[in-house]
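> here's a sequence, model it:
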Amino acid sequence: MKEFDNIDNYLLGMLSEKEEQAFLQEVAQDEELAQQLAQRERLISGIRHGGRGELKAELEGYHQKLNLQPAPPSKTLTRRLLPWIAAAASILLLLWAWQSWSPPQTPNHYAQYYSPYDFPAALRQGEAQLADEAFQNYEAGQYAAALPLFESALEHQPDQPILEMALAFCQLETGQMAAAQARFEKIYLAKTPLLEEQAAWYLALLALRADDPQQAQQYLKPLAVNPQADHHQEAQALLQQLD
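You can find the predicted model right below:
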């Protein structure tokens, strides 16, 4: 299954720069592949932090997807199971490789704390109808489908930071980390009301993902000292872990 090989090679850092760019471009254009990548990242992070229970839950999910009922072994059943057996084996191999290549004691703060922002209705009031479909896809987790819609909406409303923020999350979810970071920095530096603190939080997580805890602390400290700030408690807890 070529898509699983490409995902694993990307997560292990085994792709050349040219191959990585091609893979990320494919992820941006293929919603199913983007979902597989996000699922694999979440699963690996969960197993590394939560142990066997996470893997058991994921394999049970595969079972439910296939809607299998107890039945005698058959060639048809075997053919249906092969892709999922291959996926499970690939996950275990990838985990073994990560365990061998990276220090197990290093926490993955990005995976621990990251989740896409749930835009409250109040922030979306007044947005043009053009963004409605984009937000519907976003709320459904269809980030690859939402991404070009937000881009189009932003072209018509370039002064709307809410669209900028939503587009940044779609880019994060489809592997376009550098582009997402640039958008968060734009929102943060503009000190956009209601969104500046959100941008600071996600910039801190991206800094940790890039193994730059000092940069992350610069974003986290203002959130940690302000009890009214968004992500105040999370920022305090994360700073304690970084000390």
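
> in contact with L205, which residues?
109-110, 113-114, 216 (C-beta atoms under 8 Å, 6 or more residues apart in numbering). For glycine as for every other residue, the C-beta is placed from the backbone atoms N, C-alpha and C.

> dump these into CSV; add pLDDT, neighbour count and secondary structure as well.
Below are the contacts of L205 laid out as CSV (pLDDT from 0 to 100; neighbours: other C-beta atoms under 10 Å; DSSP: H, G, I helix; E, B strand; the rest coil):
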residue, pLDDT, neighbour count, secondary structure
H109, 86, 18, helix
Y110, 86, 18, helix
Y113, 90, 18, helix
Y114, 90, 18, coil
A216, 94, 24, helix
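
> now for these: which two are most distant?
Pairwise distances among the contacts of L205 were taken by C-beta to C-beta; the largest, 12.5 Å, belongs to Y114 and A216.

> quick one, helices of the protein?
2-11, 17-29, 31-50, 52-66, 75-101, 109-113, 121-124, 132-139, 143-156, 161-173, 177-189, 196-209, 213-225, 232-242 (DSSP state H).

> picking that back up, out of the contacts of L205, who's nearest H232?
Set against H232, the nearest of the contacts of L205 by C-beta to C-beta is Y113 (13.3 Å).

> using CSV, list the CA coordinates for stretch 199-210.
Only the C-alpha atoms of stretch 199-210 are listed here, as CSV (Å, rounded to 0.1, in the frame of the first residue of the first chain):
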residue,chain,number,x,y,z
ALA,A,199,-2.1,32.8,17.7
ALA,A,200,0.5,33.0,20.5
TRP,A,201,-0.6,29.6,21.8
TYR,A,202,-0.3,27.8,18.5
LEU,A,203,3.0,29.6,17.7
ALA,A,204,4.3,28.2,21.0
LEU,A,205,3.2,24.7,20.0
LEU,A,206,4.8,25.0,16.6
ALA,A,207,8.0,26.2,18.2
LEU,A,208,8.0,23.1,20.4
ARG,A,209,7.4,21.0,17.3
ALA,A,210,10.5,22.6,15.9
